[in-house]
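# Got a predicted model here, sequence first, then my questions.
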Amino acid sequence: WAKADGRSQWALFEPERDAREITRYRLSSALPAALAGEDLLVHYQPLRRLADGRLHGVEALVRWEHPRMGLLGPESFVGLAEESGMIVPLGRHVLRVACRQAFSWFGAGRSGPFVSVNLASRQLRDEHLVDDVRAALADSGLYPQQLQLEITESAVIGTDPLTGHTLEALSEMGVRLAIDDFGTGYSNLAYLRRLPLDELKLDGSFLRGLRCEDEADPVDVQLVGSIVSLAHLLGLTVTAEGVETQAQVTILRELDCDAGQGTYLGRPADPADLGRLFDPT
Ligand code: C2E
Ligand code: MG
Ligand code: MG
Ligand code: MG
């Protein structure tokens, strides 16, 4: 059997890879029960306006409180959920929890901070998404303007007609749409211009050359400045991801970047811990 398939010989003698595969398999199998049993938690990270430090929004980030493995981040199970299709009910759960949490923090209003929820491409291709979003808003009491949905470039590039209609419907409802991790995919602003977007989230990799003010890489500074200008030209607000130093805040503010997100401005936290930090208004 091993001889018939050259690759399986390797598989037989790679205990580390086998262990990894078994873990993946176990996690994937345990995910439905975790979702049903409320072992999936949502943490939140603040997005702050750079001009005055006030809250721009909060991003919902899913976690799995695994009975034996501890608190797992999305990198250990979101990919598996996308492969199995579990991402659809999982994403719907995060959406509902996040909208309820945001209502408890912000109340209902047409302006003020929003809650930002990540959408997998598989969810964008789900015909029930628009209804799910409408239901999550109705059940929570949140206005559409208080919900932002984050999609990646790869999820929208070469979009099929259904995805296009879905984005239009969400936008018409008043929900904010953001492009996440901008700069890591292969799309460009000219292409994104055709989509009904409200916000561009600039990937943290662009901020690496901006960590110290004295040694800021002039090319990186110009690059970020140009993206901010182009985004503004297209009517998008810009949030810089991965803000880890005061120098980055200073430079981004000079470049007219609207908001930032990162460890320097607030780590992702349990809703109980985060709620204390918010302005009373
Ligand atoms: P993302 O949407 O780009 O979220 C930001 C990630 O950057 C989070 O990782 C956050 O903890 C991390 N981060 C925060 N501050 C900093 C910083 O200063 N420096 C750096 N280097 N990183 C920072 P996390 O929570 O591990 O999430 C990873 C990814 O998993 C997210 O990236 C998002 O793509 C995905 N994800 C999270 N929650 C969900 C969800 O509910 N549904 C789906 N489909 N994907 C999700
Ligand atoms: Mg995101
Ligand atoms: Mg991101
Ligand atoms: Mg990112």
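Alright, I've got the coordinates. Ligands and ions are numbered 1, 2, ... in the order given.
# can we go C-alpha only for contacts and neighbour counts from here?
Fine.
# Indicate whether whichever helix or strand residue 56 is part of makes contact with ligand 4.
Per DSSP states H and E, residue 56 falls inside strand 55-66. No - Strand 55-66 stays clear of ligand 4 (CA under 5 Å from the ion), getting no nearer than 11.8 Å.
# Give the pairing partners of that strand; include direction for each.
Strand 55-66 pairs in its sheet with strand 40-49 (antiparallel), strand 70-72 (antiparallel), strand 114-118 (parallel), by DSSP bridges.
# any idea how far the shortest one is from the chain center?
Relative to the chain's own centre, strand 70-72 is displaced by 19 Å; criterion: CA atoms, centre = their mean, to the nearest Å.
# Ok, the first one next?
Relative to its parent chain, strand 40-49 has a centroid offset of 10 Å by CA atoms, centre = their mean.
# which residues are contacting it?
Strand 40-49 is contacted from outside by 34, 54-65, 94, 97-98, 239, 258-262, 265-271, 274, using CA atoms under 8 Å, 6 or more residues apart in numbering.
# Would you mind listing the buried residues in stretch 217-232?
Within stretch 217-232, the residues scored as buried using 16 or more other CA atoms under 10 Å are 217, 221, 224, 225, 227, 228, 229, 231, 232.
# cool, stretch 97-115 as well?
97-103, 105-106, 108, 113-115.
# Which ones among the residues you listed lie within helices?
Those of these mapping onto helices are 97, 98, 99, 100, 101, 102, 103, 105, 106, per DSSP state H.
# The residues you listed also near ligand 1: which ones?
By CA under 6 Å from any ligand atom, no member of those lies near ligand 1.
# Closest one to ligand 3 out of those residues, please.
Within those, the smallest distance to ligand 3 is 16.8 Å, found for residue 98 (CA to the ion).
# Now tabulate the strands paired with strand 55-66 in a markdown table and tack on distance to ligand 4 and mean pLDDT.
Output for the strands paired with strand 55-66, formatted as a markdown table (distance: least, CA to the ion, whole Å; pLDDT from 0 to 100):
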| stretch | distance to ligand 4 | mean pLDDT |
| --- | --- | --- |
| strand 40-49 | 13 | 98 |
| strand 70-72 | 18 | 97 |
| strand 114-118 | 11 | 98 |
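# now the ones you listed as a markdown table including distance to ligand 3?
A markdown table is the format used below for the strands paired with strand 55-66 (distance: least, CA to the ion, whole Å):
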| stretch | distance to ligand 3 |
| --- | --- |
| strand 40-49 | 11 |
| strand 70-72 | 18 |
| strand 114-118 | 8 |
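# hey, which of those is tucked in deepest?
Highest mean neighbour count of the strands paired with strand 55-66: strand 114-118, a mean of 26 (counted as mean count of other CA atoms under 10 Å).
# Please save the CA atoms from that one in CSV.
Coordinates of each C-alpha in strand 114-118 appear next as CSV, following Å, rounded to 0.1, in the frame of the first residue of the first chain:
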residue,chain,number,x,y,z
PHE,A,114,-19.8,50.7,15.4
VAL,A,115,-19.1,47.0,15.9
SER,A,116,-17.0,45.5,13.1
VAL,A,117,-17.5,41.8,12.3
ASN,A,118,-15.3,39.7,10.0
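# How about stretch 73-89 and ligand 1, any contact?
Yes - if you take CA under 6 Å from any ligand atom as the test, stretch 73-89 does meet ligand 1, through 73, 74, 75.
# for the first one, what are its contacts?
For residue 73, the contacting residues are 62, 63, 64, by CA under 8 Å, 6+ apart.
# let's see 7 Å
Contact criterion CA atoms under 7 Å, 6 or more residues apart in numbering gives 63, 64 as the residues in contact with residue 73.
# that older thread, what's the closest of the ones in helices among the buried residues of stretch 97-115 to residue 175?
Proximity of these to residue 175 (CA to CA) peaks at residue 99, which lies at 12.1 Å.
# Weed out the non-buried ones from the contacts of strand 40-49.
By neighbour count, with 16+ other CA under 10 Å, the contacts of strand 40-49 hold 34, 55-65, 94, 97-98, 239, 258-262, 265-266, 268-269, 271, 274 as buried.
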